[in-house]
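Mind looking at a prediction? Sequence and model below.
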Amino acid sequence: MMTYEKLLEQTALADDRFVVMTAENRALVRNLPQSLGARFIDTGITEQTMIGAAAGLALRGRKPVVHALSAFLTMRAFEFTRTSVGIAHLPVKYSSFIPGVLSDGNGPTHQALEDVSIMRGIPGMEVFAPADEQDLVEMLPYIWATENPSYVRINTKPSIVTHKPYEFGKAELIFEGVDFTILTYGFMLENCIKAHQLLSDMGYKVGLVNLRNLKPFDGDLIQSILPKTGRFITVEDHFMTGGLFSILAEFLVKNNLHIPVSAIAFEEKWFSPGTLQDVIENEGLSPEKLVERIEKFIHNA
Amino acid sequence: MDEIKLKELEDFALRVRQHIIPMATQGGCFLGASLSAVDLLTYLYVNHMHIDLPTLQDPNRDYLFLSKGHDVPALYGIFVELGWIQKERLSNHLSTRDHVYWHPNRHIPGVEFHSGSLGQLPSVSIGVAMDIKLRGGGNRVYCVMGDGELNEGSCWEAFLVAQAYKLDNLTFVIDRNQFQANMATEDLIPLESLVDKFEAFGLHTQRIDGHDFRQLNIAFSQVDSERPQVVICDTVRGKGLPSIEARADRWFCNFSEKEIQELMEELVSGLQANLTAEKLVVR
């Protein structure tokens, strides 16, 4: 089974443009100092300097893959990302660790619930959210191959489905559904698959899409399923503002498309920290709670 | 440094100042900060760095990153004198049809990276210096910073990382003109003793008169095989124009055409111009 670390090691060994950087967040890359030598660069707890240095390395032709906890990678270093990487459009590849609910017991300081929103706001920055480790290693070779800056919500949990091959910029249509279609990304896919099963058992004909990419956004898929489904329901571990719900709304308005949309996201709040399972339950993101919330949308429609 | 070379550098710097001053009208520019950096930049480009028109994109060139981007008129004046850009291009200052504005950008040949947001380029310089070392190159990286810029915490974070990685091919050059935007540094966020601060951060530190080409020559000739270097250049904001030298209110200047003419004369004669168009601009 290919892992994130093995894939990164193979990629970097095959192409010396790649350098692996971290702001002392080694969880994903613990074994790489041995194999990459001086192309493994740990700048210490300095997200700003890491991103600035990544820009400098990219100016010299490198492709830095940069690692830090999501909240600090996006927010502490934001101006360095926007101004040094973004304005120059340099191929710095962000690997963002513990985005969304994955910060579980850390508390709101570590909760990256606005990362999609702020990163997609940078012109030219691509944003991806694989659902699990299989999805991740399917997608990364395409993401790392481009000359664009990109941000990836890293997610290394085991897969519960076999994913379709990845096509750059394309979402994965897992189920087609007449009554409504759930649109989700990243960590929430697993619980949406389980919720899909429960809803199907109840007699609903439910569609399910794993977005995979948030920018570029697969508008073609949305356009193609829109006439065949009654409603979109977005599910995300992100603030309501600026994430998938916003992206979808922007797309629909821009293209003058009309369909009811309901959203499950964090609305003007951080989540209460705890074990991941507790957080999922408490925030109404378990399969059973998702079903309850979705049924409410449908009955109130 | 012999007398002939000294005269050559002084004449070059005078011509650079003559390019800068006319940019301080019809919208203006950061005149005071530009004039303080002219001599140190002239020294680096004319007498020190390995870079010329044919090698502007050569990976083995020396790199200069202007982190205090608002003194870009000094850079452009030098580029005109070096023949990297046409003099006529300076008259496009603040025209949207060109890219000559208050901060540097890579549309202008010779500019290594855009800047303007202070504290950004020390880390970019680190990345370039790291890559040169990774590839076994012998070229050097210079990062020119303002003293006010040292308020930014990201500078000190970068100094820590530069010394941790023993980037002996990297030199931070501080234009110590004693002023930040609107205030004397020592009246707002005191920086002294600056030498002690840099030495405490593990950098090879020198402090010189940044308008004395002989001292610049000695300082930049020194190399350290273990540590990144810093050269603190004591300078005078507005150097060359007594009427604006060391004045807190002459950082950004937007003068009338007539005043520009007077300032051009003042540059040569030393007789102070009568400046009334603008009392104080806070930016």
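Received the coordinates, thanks. Numbering: from 1, shown residues only, chains lettered A, B, ... in the order given.

how long is stretch B:23-34 from one end to the other?
This stretch, stretch B:23-34, spans 11 Å end to end (C-alpha to C-alpha, to the nearest Å).

Run the chain-centre distance for that stretch.
Centroid separation for stretch B:23-34 versus its chain: 14 Å, with C-alpha atoms, centre = their mean, to the nearest Å.

List the buried residues of it.
Within stretch B:23-34, the residues scored as buried using 16 or more other C-beta atoms under 10 Å in any protein chain shown are B:M23, B:A24, B:T25, B:Q26, B:G28, B:C29, B:F30, B:L31, B:G32, B:A33, B:S34. All C-beta spots, glycine's among them, are computed from the backbone N, C-alpha and C.

so the second one sits right up against B:F255, yeah?
Yes - using C-beta atoms under 8 Å, B:A24 is in contact with B:F255, at 5.4 Å.

what sits in contact with each of those two?
B:L263 (C-beta atoms under 8 Å, 6 or more residues apart in numbering or on different chains).

Tell me who's in contact with residue 32.
Unless you meant another one, I'm taking chain A. By C-beta under 8 Å, 6+ apart, A:L32 lies in contact with A:E5, A:L8, A:E9, A:A12, A:V20, A:F40.

I was after chain B.
B:N177, B:F179, B:R237, B:G238, B:I244, B:R247, B:R250, B:W251, B:F252, B:C253.

circling back to that earlier point, out of the buried residues of stretch B:23-34, the closest to chain A would be?
Distance to chain A, by C-beta to the nearest C-beta, is smallest for B:F30 among the buried residues of stretch B:23-34, at 18.7 Å.

Dihedrals phi and psi, that closest one?
phi -80, psi 80 (degrees, to the nearest 10).

State the distance from the nearest residue to it once chain neighbours are set aside to chain A.
In this structure, B:F30 finds its nearest non-sequential neighbour in B:H70, 4.0 Å apart by C-beta to C-beta, 6 or more residues apart in numbering or on different chains. B:H70 sits 15 Å away from chain A, going by C-beta to the nearest C-beta, to the nearest Å.

Run through the bridge partners of A:T181.
Assessed by DSSP bridges, A:T181 has beta-bridge partners A:G207, A:F232.

re the thing from before, can you turn the buried part of the contacts of B:G32 into a PyMOL selection?
Of the contacts of B:G32, the buried ones go into a single PyMOL selection, burial set by 16+ other C-beta under 10 Å:
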select buried, chain B and resi 177+179+237+238+244+247+250+251+252+253
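
Now distance to B:R61 and secondary structure too, for the contacts of B:G32, in CSV please.
Formatted as CSV, the contacts of B:G32 follow (distance: C-beta to C-beta, whole Å; DSSP: H, G, I helix; E, B strand; the rest coil):
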residue, distance to B:R61, secondary structure
B:N177, 28, coil
B:F179, 32, strand
B:R237, 30, coil
B:G238, 31, coil
B:I244, 34, coil
B:R247, 37, coil
B:R250, 35, coil
B:W251, 32, coil
B:F252, 32, coil
B:C253, 33, strand
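
which among the contacts of B:G32 gets closest to chain A?
For the contacts of B:G32, the nearest to chain A is B:F252 (21.1 Å; C-beta to the nearest C-beta).

biggest separation within the buried residues of stretch B:23-34, which pair?
Spanning the widest gap among these are B:Q26 and B:A33, at 18.9 Å by C-beta to C-beta.

and the nearest residue to A:A249 once chain neighbours are set aside, how many neighbours?
Once flanking residues are discounted, A:A249 sits nearest to A:V261: 6.8 Å by C-beta to C-beta, 6+ apart. Using other C-beta atoms under 10 Å in any protein chain shown, A:V261 is surrounded by 16 other residues.

Spatially central residue in chain A, please.
What sits nearest the mean C-alpha location of chain A, by C-alpha atoms, centre = their mean, is A:A129, with 2.3 Å.

tell me the contacts of the residue of the stretch 151-300 of chain A found nearest chain B?
Residue nearest to chain B within the stretch 151-300 of chain A (C-beta to the nearest C-beta): A:Y151, separated by 18.7 Å. Each residue near A:Y151 by C-beta under 8 Å, 6+ apart is listed here: A:T74, A:Y94, A:S96, A:D115, A:M119, A:M125, A:E126, A:V127, A:F128.

Which strand residues bridge it?
Beta-bridge partners of A:Y151, as defined by DSSP bridges: A:Y94, A:V127.

what about it, distance to A:I122?
9 Å (C-beta to C-beta, to the nearest Å).

ok, now B:C143?
24 Å.

Can you spell out the domain ranges of chain A, please?
Following automatic domain parsing, one gets these domains for chain A: A:4-153, A:172-300.

Mean pLDDT added to the ones you listed, as TSV?
Below are those laid out as TSV (pLDDT from 0 to 100):
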stretch	mean pLDDT
domain A:4-153	98
domain A:172-300	98
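
Point out the most buried one among the ones you listed.
Neighbour counts (mean count of other C-beta atoms under 10 Å in any protein chain shown) averaged over each of these peak at domain A:4-153, with a mean of 21.

residues contacting residue 53?
Just so you know, I chose chain A. Taking C-beta under 8 Å, 6+ apart, one finds A:M21, A:I41, A:T43, A:P64, B:S123, B:V124, B:I126, B:G127, B:M130, B:V161 in contact with A:A53.

wrong one, I was asking about chain B
Taking C-beta under 8 Å, 6+ apart as the test, what B:L53 contacts is B:L82, B:G83, B:W84.

Out of these, which comes closest to chain A?
Distances from chain A to the contacts of B:L53, taken as C-beta to the nearest C-beta, are shortest for B:W84 (18.7 Å).

Tell me how many other residues surround that closest one.
19.

mind listing what it touches?
Counting by C-beta under 8 Å, 6+ apart, B:W84 touches B:L53, B:L56, B:P109, B:G110.

one more time with 7 Å, if that's ok
B:L53, B:P109, B:G110 (C-beta atoms under 7 Å, 6 or more residues apart in numbering or on different chains).

So what does the second one look like in phi/psi?
The phi and psi torsions at B:P109 (degrees, to the nearest 10) take the values phi -60, psi 130.

My read is that it contacts B:T55, right?
No - the pair B:P109 / B:T55 is not scored as a contact, 11.7 Å apart, by C-beta atoms under 7 Å.

Around chain A, pick out the residues from the stretch 1-150 of chain B.
Within the stretch 1-150 of chain B, the positions near chain A by C-beta under 7 Å from any C-beta of the partner chain are B:113-114, B:117, B:120, B:123-128, B:130-131, B:134.

Could I get these in CSV, plus columns for neighbour count and secondary structure?
Formatted as CSV, the residues of the stretch 1-150 of chain B next to chain A follow (neighbours: other C-beta atoms under 10 Å in any protein chain shown; DSSP: H, G, I helix; E, B strand; the rest coil):
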residue, neighbour count, secondary structure
B:F113, 24, coil
B:H114, 23, coil
B:S117, 18, coil
B:Q120, 28, coil
B:S123, 30, helix
B:V124, 35, helix
B:S125, 31, helix
B:I126, 31, helix
B:G127, 31, helix
B:V128, 27, helix
B:M130, 28, helix
B:D131, 22, helix
B:L134, 17, helix
